[in-house]
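**Student:** can you look at this prediction? I've put the sequence above it.
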Amino acid sequence: MGENSKIEWTDATWNPVTGCTKVSPGCDNCYAERIVERFKGKGAFAQVTLNEERLAAPLKWRKPRRVFVNSMSDLFHDDVPDDYIARVFAVMAATPQHTYQILTKRHARMRSLLNSPAFNIALDLRLSESIGRKAAERVEWPLPNVWLGVSVEDQKWADIRIPALLETPAAVRFLSCEPLLGPVTLWDSLACDHPRHPCTEVGCWRAIDWVIVGGESGPGARPMHPDWARSLRDQCAAAGTAFFFKQWGTWAPADVHGWYSRSTWVDDEAGRNSVFMYAAKSKSLRDMDGRTWDEYPVVSR
């Protein structure tokens with residue numbers, strides 16, 4: 001855990017839980033697994049650990065910041081008890097000066113738990129215990145300083161995880177399309193004439209506030225076709241959704257300048273429109289079509 005983070009879209013990380021297990025292709029080359037097993041040995045990352053000594057850390061941070069929750073785990077993993085998740089949410093409720101970003105691949109448990117009246121009761125109880133808050137003072141729900149996101153690596157998981165996210169109470173909803181392993185059409189139709197906030201129409205994704213896109217890095221990295229990233233950028237522009245391009249990853253297209261060691265061809269999903277990709281020797285490159293894309297959702301508290 002570190003108070004400062006090199007992840008482009010956040011300011012700090014907070015890991016009240018560490019360890020995870022793989023659930024989909026986006027997990028295949030997990031960076032967190034590489035870090036843990038480098039020091040603790042093969043298989044160590046699969047041990048989910050509750051780090052109770054880290055729970056109170058944000059209470060000591062006076063300067064407001066964006067905080068990525070569990071960069072080294074998944075808060076909604078089956079091995080994390082409901083009550084422990086309530087304790088994490090209680091800390092977030094007690095520190096409204098910070099903005100918390102929670103990203104999960106366990107969409108079903110997130111939806112079920114955060115829609116549960118029992119979870120709201122547990123949250124109220126834990127918040128009362130932690131800061132002496134009166135039990136009669138119910139916490140605002142969903143917490144206005146908590147952003148919820150799901151990982152979307154390809155169309156299959158977009159179709160599974162996005163509906164679950166839309167059915168979960170959240171002040172801000174976002175997608176992390178990293179590593180992006182294939183083209184993604186967020187919904188069949190982007191035409192929407194009703195107000196964006198809130199949007200409850202079936203088949204409309206305008207309740208998504210933010211989309212992060214990035215290629216894969218590290219050993220065995222899989223190239224991201226540039227058109228996959230451009231398509232998501234253009235879909236976000238059409239829907240008025242904030243778009244953040246995090247990085248190309250190990251493989252970058254020929255028009256992005258850098259120092260390279262290897263090269264390959266990558267096809268789009270239909271086997272057409274091959275592009276020449278280079279393996280970057282320098283740090284991850286962030287330019288796409290001549291500029292960086294660092295948009296954030298507009299949040300009204």
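**Tutor:** Happy to help now that I have it.

**Student:** bridged to Phe276, which residues?
**Tutor:** Trp265 (DSSP bridges).

**Student:** gap between it and Pro226?
**Tutor:** From Phe276 over to Pro226 the distance is 10 Å, taken as Cβ to Cβ, to the nearest Å. Backbone N, C-alpha and C define where each C-beta goes, glycine included.

**Student:** who's more crowded, those two?
**Tutor:** It is Pro226, of Phe276 and Pro226, that has more neighbours when counted by other Cβ atoms under 10 Å, with 22 against 11.

**Student:** which residues touch the more buried one?
**Tutor:** By Cβ atoms under 8 Å, 6 or more residues apart in numbering, Pro226 lies in contact with Pro253, Val275, Met288.

**Student:** 6 Å instead, please
**Tutor:** Contacts for Pro226 (Cβ atoms under 6 Å, 6 or more residues apart in numbering) come out as Pro253, Val275.

**Student:** now do it against Gly214, distance only.
**Tutor:** Relative to Gly214, Pro226 is positioned 13 Å away (Cβ to Cβ).

**Student:** over to Leu55?
**Tutor:** From Leu55 over to Gly214 the distance is 29 Å, taken as Cβ to Cβ.

**Student:** these two: who's more crowded?
**Tutor:** When Leu55 is set against Gly214 and neighbours are counted by other Cβ under 10 Å, the residue ahead is Gly214, at 22 against 18.

**Student:** ok, the more buried one touching Glu178?
**Tutor:** Yes: in this structure Gly214 lies within contact range of Glu178 using Cβ atoms under 6 Å: 3.4 Å.

**Student:** got any residues that touch both of these two?
**Tutor:** With contacts taken as Cβ under 6 Å, 6+ apart, the residues that reach both Gly214 and Glu178 are Lys246.

**Student:** so which residues of the stretch 1-150 of the chain form strands?
**Tutor:** When secondary structure is read from DSSP state E, counting those that start in this stretch, the stretch 1-150 of the chain shows strands at 12-14, 17-18, 49-50, 66-69, 99-104, 146-151.

**Student:** then the stretch 201-301 of the chain?
**Tutor:** Under DSSP E, counting those that start in this stretch, the stretch 201-301 of the chain gives strands at 210-214, 242-247, 251-253, 260-266, 275-280.

**Student:** list the beta-bridge partners for the spatially most central residue of the chain.
**Tutor:** Compute the mean C-alpha point of the chain, and by Cα atoms, centre = their mean the closest residue is Leu103, 3.7 Å away. Residues in a beta bridge with Leu103, per DSSP bridges, are Gly149.

**Student:** weakest of the strands of the stretch 201-301 of the chain by average pLDDT?
**Tutor:** Here the lowest mean pLDDT among these goes to strand 260-266, at a mean of 65.

**Student:** for the nearest residue to Leu55 once chain neighbours are set aside, give me the pLDDT.
**Tutor:** Excluding the flanking residues, the one nearest Leu55 by Cβ to Cβ, 6 or more residues apart in numbering is Pro16, at 5.2 Å. At Pro16 the predicted local distance difference test score is 98.
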